[in-house]
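Undergrad: Requesting a structural model of the entry that follows:
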Amino acid sequence: GKHELAWQAIFLSGENRFLLKRYDRAAERYTEFLAKGGKAADRVARAHYRMAWVHRYGKRNEDALAELKKMDAGAAGEAIATEMKYLEGVCLFETGKHPEAVKALEAYLDARDHGRFGDDAMLKLAVSQMKQNRKEQAAAGLERFLKEYPRSDLVAQVRYQLAECYYDQKAYAKAADNYALVTGRDKADDLTPFAMFGTGMCNYDQEKWSEAAKAFGEMADRFPKSDMTPQALYRKARSLIKMKKWEEAEQASRALLSAFPKHELARTSLIAAGTCLQERQKWADAAAAFRSASDDYPAGDDQPRIVYEEAWSWRQAGKEDESLKAFRGLADKYPADALAADAFFYLAEAIYKSEQDSAKEPSRQRDERLGEACTLYEKALSAAKDKRLTDKVLYRIGWCRWQTGQYKAAAEAFGAAGERCGSAYVYVRSG
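TA: Prediction:
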């Protein structure tokens, strides 16, 4: 009757707007159509199906899934019921529900007619399998894709995912071949820098440092604004460090710092630059780099080592005051760290050696100085986690005690040192 014709007109109006990609207006029509009762089941199913697509295009994947649950797949017909599984799989994929996505996409691909979305379904199925660590199945599916859809617009994405899959399986030769097919295309796109980085990683993991440095460098030069460029510069520097090319490694680290000063790898790169400068015996520059790592970036778990490297570099540069300042910072902030033993030791040494001509030093002043040094030596002994400094520390404690008239305590310290190292210079005397 008239009502049926009116409902058909509303439904067809929704279809027209949907095909014109006027999705909001289409949704209004479908909603109006579904609000009225007594309509044909096939059109109700199609309206829910179209509404699910409208939600999908609006990136409202959960709403799309809810709409699909309202569908009567039997009333929709075989073709729409099949495509419904594809749409369900896509929405599940986008929401990170990969086990459920696999089931839906497999159901779609197992259907008699899956030509319209077959290539995209096969790609998403493989990626979901990779997310579940089903690498061999994913690789087999991607290889199948290349046979069934050799002219698909998604071939480059498939090649990249296949390369990633082989890389995760440590099949580096196959991974490199597929990365090369992505990077070798006439026109670069968003995949190209990622594939170039992947090529570098294949070499890096095989310790082919020269090839890795070259690949990462080419990627960074060609795509200076890519999200992967900081990683590429960092890996380039690491590769050059492995080859002991200290100056080039420092340059790569500095390039990262210059272009990406707030990147999470910036602090690590600054530390790497400091290490390279140490290797080149540019001690003052190295110390400045380590100090900047401490001053300009939040402290990491390795902060005690960074402060130590600064202090040691200043010491090697002949900047004793700067060295002691850094050692003092290490001792004050990280007294329980193993490297604090070195800090306490060098602070104690500075005090112990501060008055070489003890004959001119008043005895009271000497006793106070040696007492202060002895306290620091004892802290060094307490903080030490190995025997590297133990003998020296015990020997110094013995002399501090001896020179201040504490002969029994001196004898104990000398005795402990003698037991540990058996050196000829260690002897025991008591008052």
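Undergrad: Every contact and neighbour count from this point should use C-alpha atoms.
TA: Will do.
Undergrad: so where is this structure shaky, pLDDT-wise?
TA: Along the chain, the model assigns pLDDT under 70 to residues 1-4, 37-38, 355-359, 419-431.
Undergrad: again, only using 50
TA: Residue ranges of the chain with pLDDT under 50: 422-431.
Undergrad: longest single helix anywhere in it?
TA: Longest helix in the chain, counting residues (DSSP state H): helix 363-383.
Undergrad: Distance from the chain centre to the helix or strand that comes right after that one, please.
TA: Following helix 363-383 in sequence order, the next helix or strand is helix 390-403 (DSSP states H and E). Relative to the centre of its chain, helix 390-403 is centred 47 Å away, using Cα atoms, centre = their mean, to the nearest Å.
Undergrad: Also stretch 399-418?
TA: With Cα atoms, centre = their mean, you get 52 Å for stretch 399-418.
Undergrad: returning to that earlier point: contacts made by the longest helix of the chain with the rest, please.
TA: For helix 363-383, contacts defined as Cα atoms under 8 Å, 6 or more residues apart in numbering pick out 335-345, 347-349, 351-352, 358, 389-390, 393-394, 396-397, 400-401, 403-404.
Undergrad: Mark which of these are buried, thanks.
TA: Those of these that meet the buried threshold are 335-345, 347-349, 351-352, 390, 393-394, 396-397, 400-401, 403-404, by 16 or more other Cα atoms under 10 Å.
Undergrad: residues in contact with the strand or helix carrying residue 230?
TA: Assessed by DSSP H and E, residue 230 sits inside helix 229-242. For helix 229-242, the surrounding residues in contact (Cα under 8 Å, 6+ apart) are 197, 204, 209-210, 212-214, 216-217, 219-220, 223, 246, 248-253, 255-256, 260, 263, 265, 269, 276.
Undergrad: Give me the buried subset of the residues you listed.
TA: For the contacts of helix 229-242, buried by 16+ other Cα under 10 Å: 197, 204, 209-210, 212-214, 216-217, 219-220, 246, 248-250, 252-253, 255-256, 265, 269, 276.
Undergrad: what's the distance between residue 29 and residue 314?
TA: Residue 29 sits 76 Å away from residue 314, taking Cα to Cα, to the nearest Å as the criterion.
Undergrad: what's the burial count for residue 289?
TA: For residue 289, the count of nearby residues is 24 (other Cα atoms under 10 Å).
Undergrad: Pretty sure it sits against residue 278.
TA: No. Counting by Cα atoms under 8 Å, residue 289 does not reach residue 278; the two are 10.2 Å apart.
Undergrad: which ones are touching the nearest residue to residue 52 once chain neighbours are set aside?
TA: Once flanking residues are discounted, residue 52 sits nearest to residue 64: 4.2 Å by Cα to Cα, 6 or more residues apart in numbering. Each residue near residue 64 by Cα under 8 Å, 6+ apart is listed here: 51, 52, 53, 54, 55, 56, 88, 91.
Undergrad: can you tell me the helix or strand for residue 64?
TA: helix 61-69.
Undergrad: Please identify the buried residues of that helix?
TA: Using 16+ other Cα under 10 Å as the burial criterion, the residues of helix 61-69 that qualify are 61, 62, 63, 64, 65, 67, 68.
Undergrad: just stretch 21-39 next, same as before
TA: Residues of stretch 21-39 classed as buried: 23, 26, 27, 29, 30, 31, 33, 34 (neighbour count, 16+ other Cα under 10 Å).
Undergrad: and that stretch, how far from the chain's centre?
TA: The answer for stretch 21-39 is 47 Å, by Cα atoms, centre = their mean.
Undergrad: same check, this time on stretch 361-372
TA: Distance of stretch 361-372 from the chain centroid (Cα atoms, centre = their mean) equals 53 Å.
Undergrad: With stretch 343-362 instead?
TA: Worked out by Cα atoms, centre = their mean, stretch 343-362 lies 47 Å from the chain centre.
Undergrad: one step back: helices - which of the contacts of residue 64 land there?
TA: 51, 52, 53, 54, 55, 56, 88, 91.
Undergrad: any idea what sits nearest the fifth one, other than its immediate chain neighbours?
TA: Nearest-residue entry for residue 55: residue 64, 5.1 Å, with adjacent residues in sequence omitted and distances by Cα to Cα, 6+ apart.
Undergrad: Look up how far residue 72 lies from the one you found.
TA: Relative to residue 72, and taking Cα to Cα, residue 64 is found at 15 Å.
Undergrad: again, but for residue 15
TA: From residue 15 across to residue 72, the span is 19 Å (Cα to Cα).
Undergrad: So which of the two has more stuff around it?
TA: The neighbour comparison of residue 15 against residue 72 (other Cα under 10 Å) goes to residue 15, with 21 against 17.
Undergrad: List the residues that contact the more buried one.
TA: Residue 15 makes contacts with residue 26, as judged by Cα under 8 Å, 6+ apart.
Undergrad: With residue 77 instead?
TA: By Cα under 8 Å, 6+ apart, residue 77 lies in contact with residue 42.
Undergrad: and residue 325, what helix or strand is that in?
TA: Under the criterion of DSSP H and E, residue 325 resides in helix 320-333.
Undergrad: what helices or strands is that helix leaning on?
TA: helix 303-316, helix 340-352 (3 or more Cα pairs under 8 Å, 6 or more residues apart in numbering; DSSP states H and E).
Undergrad: Ok, which of these comes nearest residue 8?
TA: Nearest to residue 8, of all these, is helix 303-316, at 72.0 Å by Cα to Cα.
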